[in-house]
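Colleague: here are the coordinates; sequence isn't available:
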């Protein structure tokens, strides 16, 4: 359900955050419980109880759209390669991976003695089937990574070679869950699309056990898994419709860990007995998006195609203030589109060059461009068109609405009028992504990276993504060609330079005014399981599944 | 009750149902937005895959043909295919209806019994301290939003005292026999049902109190007392019978309202019923599920009204003659 925007539908994991924030604010009861370990009615120490407000959609690895389904399916299915706790690639179903010098060919030596949950033996043919069905039919969230796919060759039952038309900086095997050919090859692509996969069969560390829709989903340990057996016998993800109640349940000992905790509730957990709230960097940002569509049918205000006005809006904003007021401090003031969690990939913009918190400069550049202040305090161009724009935000995302209100005031101070209105998230998505005739000026929304590789966030605003992910209709041939170049550059130093250049260009063009990189806020109980490792992106609900596999009973 | 009356009522019922069904169809098919776009949830589709999906959901026919297919399917008990869950709508709705009927049914029953009893107690001691206490307390509870009452109960029973589970329908992962399962569900049912009862009992207690107070000053009450009947018998057998009509009306309205109105309570307690399903379907634009849910609500309201019409006939000879 959190892939809110149904028809925006990215070919990748996207926009994951939104519902989680909106779902829980029915009441605002603080967390004031006397925490003790009581009431653990069903849970022996062998079960891990996770709480979330973001229900899974389907268990079909080709059609799911939610992060919740991803979280579960990635424990039921294995990928050839996966991320470890430091988010570095590690072998999974493949025992080894080798990449050819030209970066176009990957050879995987598969583990032997692996069986599917239904007892059938796993072999290289399953890998071949999965890659081919996904690439040929454009099936699934990971199909994007197979855009350059050429062929897959089975050398022997334990060895496959995958060929790509272009060098691959990112190994697609990280993103593709291997499915059993003996089950799926009986279905036509249309059948695969409509199949709910009620009883998923994988090779992963956990077997699907039970899904009581709207209540909980349980998986049990796979005793025949190829890796070292995890300590957790069963994992149960409990669905909550209300974050307050979910947090109370953690405090009172009915849950062991939460995937996401709203900032105010997170603050309330500090100092509670046996509960540890954890703040980590995320792979997400929230941004102000400006309609820069060159489509003649666009009903966006054409004044916004002038970069000066967009930059002036950026100078008007104080990001630190936004983080303090809208996020209660749980985030980092933002600049470029890659958050600091990307480490060396992030371009550092020196403070003096940041388009941030400089209202005087905003006024100066607007004056210089001839936008004179009128008698009503609103600037206008030389034809008398006022700098007055519509601003939309998602009603249930409190921090965005608050940011919108702050933005309106900040813009007013430099002579730009903004009119804020709020919509529900699906409607906002429909309005923003109305590719044929976008009828909006400015919105507030956000992005979540689908991978810890910079590729995904950089791809959002490509010309080729207009009609798909590109939410501001940004189109810059230089940016596009740099993207193509970095995606096929294997040398990390060269690729980093290209990635930095892209961020700088996009930053200066100011089609996005990125506001903040929000923290990932989670919390767990310290008296049931131990060994949780805080990780960029979260202990769970992240690109790595290793915390599930490595924790031990207290 | 004459056969003719029944036939007339049944005919009206059928026409109302047909109009509702057709309106329901139109409502969801003239909505702006392209359903195919909504269906394409997992990224790039090649045109063939898109066409197949369109066919799967029957969107390749003209609207009028879709309408007749819809009617035909409905007669066969087929309510369509959920966009989100990729399952037949009947499957998706089935569980939710059961859960809502369990919650709302229990709550309604308790609400009516408690409400009427309180009303009788208040009326029989009209203008006394206990009357004032009951009236003021029920008014107070009635004015509270049900999610707020729910949060307070969660606080008291789940957080302070830990005596009852505060969310869901069952304890996740609990392995137990049939009896254990029933006890588990019953324990989960208490708080949401209590919330609905606390908030709504006032409606019934106030209606029955006020009607009873009016009835009790009638002459035949005096006669009954003069005959030497006991106070208890006068109130329960003579007075209450005449006060039943407004209560029946209120019940019929209440059932229709509460089916959808349990949304907040279902949300607070994460109770997987119709309210929650509808809320989530609206958010996700799962039109087939919404369409079916609205239809079920409409049928429930029409049916309860039909039953209350019939009950009038039984209860009140004046209606029978009219």
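Modeller: Yep, it's here. Note that the structure is a prediction, hence the values are computed from the model and not measured.
Colleague: tell me the SS of residue A:107?
Modeller: Following DSSP: H, G, I helix; E, B strand; the rest coil, the label given to residue A:107 is strand.
Colleague: again but with residue A:370, I slipped
Modeller: Relying on three-state DSSP, one would call residue A:370 coil.
Colleague: separation between it and residue A:306?
Modeller: 10 Å (Cβ to Cβ, to the nearest Å). All C-beta atoms are positioned from the backbone trio N, CA, C, and that covers glycine.
Colleague: between these two, who's got more neighbours?
Modeller: A side-by-side neighbour count of residue A:370 and residue A:306, using other Cβ atoms under 10 Å in any protein chain shown, places residue A:306 first with 16 against 11.
Colleague: contacts only, for residue 201.
Modeller: All of this refers to chain A. Counting by Cβ atoms under 8 Å, 6 or more residues apart in numbering or on different chains, residue A:201 touches A:116-118, A:180, A:183, A:208.
Colleague: wrong chain, I was asking about chain B
Modeller: B:110-111, B:114-115, B:118, B:138, B:141.
Colleague: close to chain B, is stretch A:520-533?
Modeller: No: Stretch A:520-533 is not in contact with chain B by Cβ under 8 Å from any Cβ of the partner chain; minimum separation 14.2 Å.
Colleague: next, residue A:277: phi, psi?
Modeller: With angles defined as degrees, to the nearest 10, residue A:277 sits at phi -80, psi 140.
Colleague: thought it was touching residue A:260?
Modeller: No: between residue A:277 and residue A:260 there is no contact under Cβ atoms under 8 Å: 11.8 Å.
Colleague: settle it for me: which of those two has more neighbours?
Modeller: For residue A:277 versus residue A:260, neighbours defined as other Cβ under 10 Å are more numerous around residue A:260 (25 against 20).
Colleague: any figure for the gap between residue A:71 and chain B?
Modeller: Applying Cβ to the nearest Cβ, to the nearest Å, the value for residue A:71 to chain B is 16 Å.
Colleague: next secondary structure element downstream of the strand or helix carrying that residue?
Modeller: Secondary structure assigned from DSSP states H and E places residue A:71 in helix A:67-76. Per DSSP H and E, helix A:67-76 leads on to strand A:81-83 as the next helix or strand towards the C-terminus.
Colleague: tell me what that following strand is packed against?
Modeller: Contacts defined by 3 or more Cβ pairs under 8 Å, 6 or more residues apart in numbering or on different chains; DSSP states H and E place strand A:81-83 against strand A:89-91.
Colleague: one step back: now do the shared contacts for residue A:277 and residue A:260.
Modeller: Counting by Cβ under 8 Å, 6+ apart, the residues touching both residue A:277 and residue A:260 are A:521-522.
Colleague: in the helix holding residue A:71, what counts as buried?
Modeller: A:67-76 (16 or more other Cβ atoms under 10 Å in any protein chain shown).
Colleague: starting at the chain centroid, how far to it?
Modeller: 14 Å (Cα atoms, centre = their mean, to the nearest Å).
Colleague: residues making contact with that helix?
Modeller: Contacts to helix A:67-76, defined as Cβ under 8 Å, 6+ apart, come from residues A:1-3, A:13, A:16, A:52, A:54-59, A:61, A:64, A:117, A:141, A:177, A:200, A:202, A:204-208, A:217, A:219, A:235, A:237, A:259, A:448, A:540-541, A:545, A:548.
Colleague: inside helices: which ones of the residues you listed?
Modeller: Among these, the members falling in helices are residue A:548 (criterion: DSSP state H).
Colleague: got the confidence number for residue 312?
Modeller: Went with chain A since none was named. At residue A:312, the model reports a pLDDT of 98.
Colleague: actually chain B
Modeller: Reported pLDDT for residue B:312: 83.
Colleague: helix/strand/coil for it?
Modeller: Residue B:312 - assigned by three-state DSSP - is helix.
Colleague: now the residue of the stretch 201-322 of chain B found nearest chain A. Nearest residue, chain neighbours left out?
Modeller: Chain A sits closest to residue B:272 of the stretch 201-322 of chain B, with a gap of 3.0 Å, by Cβ to the nearest Cβ. Distances taken as Cβ to Cβ, 6 or more residues apart in numbering or on different chains put residue A:214 closest to residue B:272, at 3.0 Å, once the chain neighbours are dropped.
Colleague: distance check, that neighbour against residue B:99.
Modeller: 8 Å.
Colleague: hey, what's in contact with both of the two?
Modeller: With Cβ under 8 Å, 6+ apart as the test, residue A:214 and residue B:99 both reach residue B:272.
Colleague: related to what we said a few turns ago, correct me if wrong: the residue nearest to residue B:272 contacts residue A:239.
Modeller: Yes: if you go by Cβ under 8 Å, residue A:214 and residue A:239 touch, sitting 6.2 Å apart.
Colleague: neighbour count winner among the two?
Modeller: For residue A:214 versus residue A:239, neighbours defined as other Cβ under 10 Å are more numerous around residue A:239 (25 against 22).
Colleague: for that one, give the beta-bridge partners.
Modeller: Listed by DSSP bridges, the beta-bridge partners for residue A:239 are residue A:52.
Colleague: can you pull the contacts of it?
Modeller: A:52-53, A:55, A:214-216, B:168, B:270.
Colleague: if you set the cut-off to 10 Å instead, what comes out?
Modeller: Taking Cβ atoms under 10 Å, 6 or more residues apart in numbering or on different chains, we find residue A:239 in contact with A:50-56, A:68, A:212-217, A:246, B:167-168, B:172, B:270, B:272, B:276.
Colleague: could you do residue A:353 as well?
Modeller: Taking Cβ under 10 Å, 6+ apart as the test, what residue A:353 contacts is A:335, A:504, A:507-508.
Colleague: make TSV out of those and add secondary structure and neighbour count.
Modeller: Shown next, in TSV, are the contacts of residue A:353 (DSSP: H, G, I helix; E, B strand; the rest coil; neighbours: other Cβ atoms under 10 Å in any protein chain shown):
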residue	secondary structure	neighbour count
A:335	coil	25
A:504	helix	14
A:507	helix	21
A:508	helix	14
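Colleague: pLDDT value on the residue positioned nearest the centre of chain A, please?
Modeller: In chain A, the centroid-proximal residue (Cα atoms, centre = their mean) is residue A:448; its distance is 2.7 Å. With respect to pLDDT, residue A:448 scores 88.
Colleague: residue B:109 and residue B:193 touch, don't they?
Modeller: Yes: using Cβ atoms under 10 Å, residue B:109 is in contact with residue B:193, at 9.3 Å.
Colleague: which one's more surrounded, these two?
Modeller: Legend: neighbour count by other Cβ under 10 Å for residue B:109 and residue B:193, higher for residue B:193 (24 against 12).
Colleague: in the helix or strand where the more buried one lies, what's buried?
Modeller: Element membership of residue B:193 [criterion: DSSP H and E] is helix B:178-216. Using 16+ other Cβ under 10 Å as the test for burial, helix B:178-216 gives B:184, B:188-189, B:191-213, B:215-216.
Colleague: OK, contacts around residue B:196?
Modeller: Going by Cβ under 10 Å, 6+ apart, the list of residues near residue B:196 reads B:103-104, B:106-108, B:110-111, B:146, B:149-150, B:258, B:261-262, B:264-266.
Colleague: got the residues of the stretch 51-200 of chain A near chain B?
Modeller: A:51, A:53, A:55, A:57-60, A:62-66, A:136-144, A:147, A:188-198 (Cβ under 10 Å from any Cβ of the partner chain).
Colleague: just the buried subset of these, please.
Modeller: For those, buried by 16+ other Cβ under 10 Å: A:51, A:53, A:55, A:57-60, A:62-66, A:137-144, A:147, A:189-190, A:192-197.
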